[in-house]
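[1] let me see the structure of the following:
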Amino acid sequence: MSRSQLQQITELLRTSPLDLGGDVTVMRQVFDEMLAATPVPPEVRTTPVTLGGVPAIEVVAGPDTGPGAILYFHGGGYALGSAARSVNLGADIARRTHRPVYTVDYRLAP
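    The predicted structure follows:
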């Protein structure tokens, strides 16, 4: 994560309406809206895939990729987040490593 991204996230959390002790449905909606506020760069390519029966998104940033790939599990303590909302971070990892990143859309806690 770049310093700029860290500063954006820090500011977003300081000023956000996200109540981590609140209703989980509301938290998920607010969290998704917060992450959606930062657009995915135009050079980032995403492709929906399935890995072992689990939905995921392949994220490629840049013209060339080397051998191998990175498997990324978004944070959120099994309560928040999704593969789609973690594409920006996956793109940053892909850009820095020149590897495709697979961000997994695992099931959240009820």
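[2] give me the contacts around stretch 52-67.
    Here stretch 52-67 makes contact (C-beta atoms under 8 Å, 6 or more residues apart in numbering) with 41, 43-50, 83-84, 87, 90-95, 98-106. Where C-beta positions appear, they are placed from N, C-alpha and C, glycine not excepted.
[3] output the lowest mean pLDDT helix or strand found in the protein.
    For the chain, counting by mean pLDDT, DSSP states H and E, helix 24-36 ranks last in confidence among helices and strands (a mean of 70).
[4] immediately after that helix, which helix or strand?
    For helix 24-36, the following helix or strand on the C-terminal side (DSSP states H and E) is strand 44-51.
[5] any idea how far that following strand is from the chain center?
    The gap between where strand 44-51 is centred and where its chain is centred comes out at 12 Å by C-alpha atoms, centre = their mean, to the nearest Å.
[6] next helix or strand past that strand?
    Helices and strands here follow DSSP H and E; after strand 44-51, the next one along the chain is strand 54-61.
[7] which stretches of this protein have low pLDDT?
    Along the chain, the model assigns pLDDT under 70 to residues 1, 12-13, 16-22, 24, 26-28, 31-32, 34-37, 75-81, 108-110.
[8] which helix or strand contains the closest residue to residue 38 other than its chain neighbours?
    Among residues not flanking residue 38 along the chain, residue 88 sits closest, at 5.7 Å (C-beta to C-beta, 6 or more residues apart in numbering). Per DSSP H and E: residue 88 is located in helix 87-97.
[9] other SSEs contacting that helix?
    In terms of contacts (3 or more C-beta pairs under 8 Å, 6 or more residues apart in numbering; DSSP states H and E), helix 87-97 is packed against helix 3-15, strand 44-51, strand 54-61, strand 70-73, strand 101-104.
[10] what does that helix contact?
    Contacts for helix 87-97 (C-beta under 8 Å, 6+ apart): 1-2, 5, 35, 38, 40-41, 44, 46, 57, 59-62, 65, 70, 72, 74, 99-101, 103.
[11] nothing else from me, thank you.
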